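Trainee: What follows is a predicted protein model with its sequence.
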Amino acid sequence: MNDQDKEIVKRVLDGETRAFSILIDRHKAKALMLAVRILKNREDAEEALQDAFVRVYRSLSSFEGKSSFSTWFYRIVYNRCMSALEKRKEYYISSLDAEYDDAPPIDVESDDPSPEIRLESDEFRTIVQEEIEKLPSMYGGIFTLFVIQEMSYEEIVRITGLPVGTIKARLFRARALLRNVLLKRLDSVSSLKV
C-alpha cells in the first residue's frame with residue numbers, strides 16, 4: 001500500500017475522521033473517470049462514487065492491506081458501477097453511436113510547438129476522447145484502468161474479479177474498436193479538409 005495512503009487510513013482508524021477527506025481528494029478524479037466510462041452518465045457515476053466512498057468509510061476497518069488502498073477502493077467503485085448497470089438493465093450494453101460528453105478529457109501533450117500541428121493534435125485528442133467515451137461499458141472501464149490509469153493486469157483482476165484472459169481479451173477488443181472507429185473518423189476528417 002502507498003505509504004501516504006497507509007498513514008491516512010491509520011489516522012482515520014485512530015479516530016481522525018476528517019482525514020478521510022484526504023483519501024477522497026487523492027482518489028476521486030480517477031475513480032470518477034472510471035465510473036463515467038462504465039456508466040456513460042456523469043450523474044449516475046457521481047452517485048455510484050458517493051456510494052462507494054460511504055462503503056469504503058464504513059468498511060475501512062476491514063481493509064487488510066493485502067493490496068494497495070487504491071486497488072481495494074477501485075474494486076468497490078467497479079462493483080457499485082456494475083450494480084448500477086444491472087439495476088438499469090443495461091449490463092454491458094452500450095451503443096458506439098451514442099454520444100457521451102460528461103467525462104473529463106484525456107490530457108495528451110504535443111512535442112511540436114507548431115500551431116498547425118497543435119491544432120491537428122487538439123482535433124485528434126478530441127476525436128480519441130469522444131471515441132473512448134463511446135466504448136461499451138464492458139470495454140471502457142477496463143480500458144480506462146489499463147491505459148489511462150496505468151494499472152497492471154493483476155490490479156485490474158483484483159478490481160474487477162475477472163480472469164486475466166478476459167481482461168486481455170477485452171483490452172484487445174477495445175483497442176480494435178477504437179482503431180476501426182478512429183480510422184473511419186480520421187478518413188472522414190481528412191476528406192473534408194481536402
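Mentor: Right, received. Where do you want to start?

Trainee: Report how many residues lie close to Gln4.
Mentor: When neighbours are counted by other CB atoms under 10 Å, Gln4 registers 12. To be clear about C-beta, it is placed using only N, CA and C from the backbone, and glycine gets the same treatment.

Trainee: Not counting its neighbours along the chain, what's nearest it?
Mentor: Arg26 (7.7 Å; CB to CB, 6 or more residues apart in numbering).

Trainee: can I assume that neighbour is in contact with Asp5?
Mentor: Yes. Between Arg26 and Asp5 a contact is recorded at 7.1 Å, counting by CB atoms under 8 Å.

Trainee: Which secondary structure element is home to the residue most central in space within the chain?
Mentor: By CA atoms, centre = their mean, the chain has its centre lying nearest to Leu34, at 2.3 Å. Element membership for Leu34, per DSSP states H and E: helix 20-39.

Trainee: and for the next helix or strand after that helix, what are the contacting residues?
Mentor: Note on helix 20-39: by DSSP H and E, the next helix or strand toward the C-terminus is helix 42-59. Contact with helix 42-59 is made by 12, 20, 23-24, 28, 31-32, 35-36, 38-39, 73, 76-77, 80-81, 83-84, 88, 102-103, as judged by CB atoms under 8 Å, 6 or more residues apart in numbering.

Trainee: What are the boundaries of the helices in this protein?
Mentor: Taking DSSP state H as the criterion, the chain carries its helices at 3-13, 20-39, 42-59, 69-87, 115-134, 137-143, 153-160, 164-193.
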